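# My questions are about this predicted structure, shown below with the sequence.
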Amino acid sequence: MKPNLTDWADKTGVIGSIVSTMGCAMCFPALSSLGATIGLGFLPRWELVFVHVLLPLFVMVALLANALGWFSHRQWQRSAAGVIGPILALIGRYTFVSSLLYVGLALMLIIAIWDLASPAHRCCGPDGCELPAQHR
């Protein structure tokens, strides 16, 4: 099975949003200290760019990728689970409630790992679901 554009966009959005939060020590101290530990201590120089531009951009990429993923696999439960994390991250970012952002990022990461471990398969076609033939 070859990966499609929504798979790549989802993973890019998750990784980009986590790295973007590592650039603001005052806003997100837990992730910033993790970033400094793994060698990303130079990121706070561009704090405004990371927090005001890149973080919302990467979260929106992940949100759109998960929302559009429904068209490729037609599983509303999986799409809903993938959309909740980015929505919580955006709410946490714009309301400055960092716990919501942390929960949203954690959910995004969990769903991305779930998609890697168990990729979604198309359940139904655009015209509806086909029922299996019954054996008599």
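Received, thanks. Residues are numbered from 1 along each chain as shown.

# Run through the neighbouring helices and strands of the strand or helix carrying Ile87.
Here Ile87, judged by DSSP states H and E, is contained in helix 76-95. Other helices and strands packing on helix 76-95, by 3 or more Cβ pairs under 8 Å, 6 or more residues apart in numbering; DSSP states H and E, are helix 5-21, helix 55-73, helix 98-117. Any C-beta I mention is one placed from the backbone N, CA and C, and that applies to glycine too.

# what about that helix, distance to the chain center?
Its chain's C-alpha centre and that of helix 76-95 lie 8 Å apart, by Cα atoms, centre = their mean, to the nearest Å.

# that older thread, distance to Leu88 and mean neighbour count added to the helices and strands packed on helix 76-95, as TSV?
Compiled in TSV, these are given as follows (distance: least, Cβ to Cβ, whole Å; neighbours: other Cβ atoms under 10 Å):
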stretch	distance to Leu88	mean neighbour count
helix 5-21	12	21
helix 55-73	10	20
helix 98-117	3	18
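
# Which of these sits closest to Phe42?
Closest of these to Phe42 is helix 5-21, at 12.1 Å (criterion: Cβ to Cβ).

# If you count neighbours, what's buried in the helix or strand following that closest one?
Once the chain leaves helix 5-21, the next helix or strand it forms, by DSSP H and E, is helix 29-37. Counting neighbours by 16 or more other Cβ atoms under 10 Å, one finds that the buried residues in helix 29-37 are Leu31, Ser32, Gly35.
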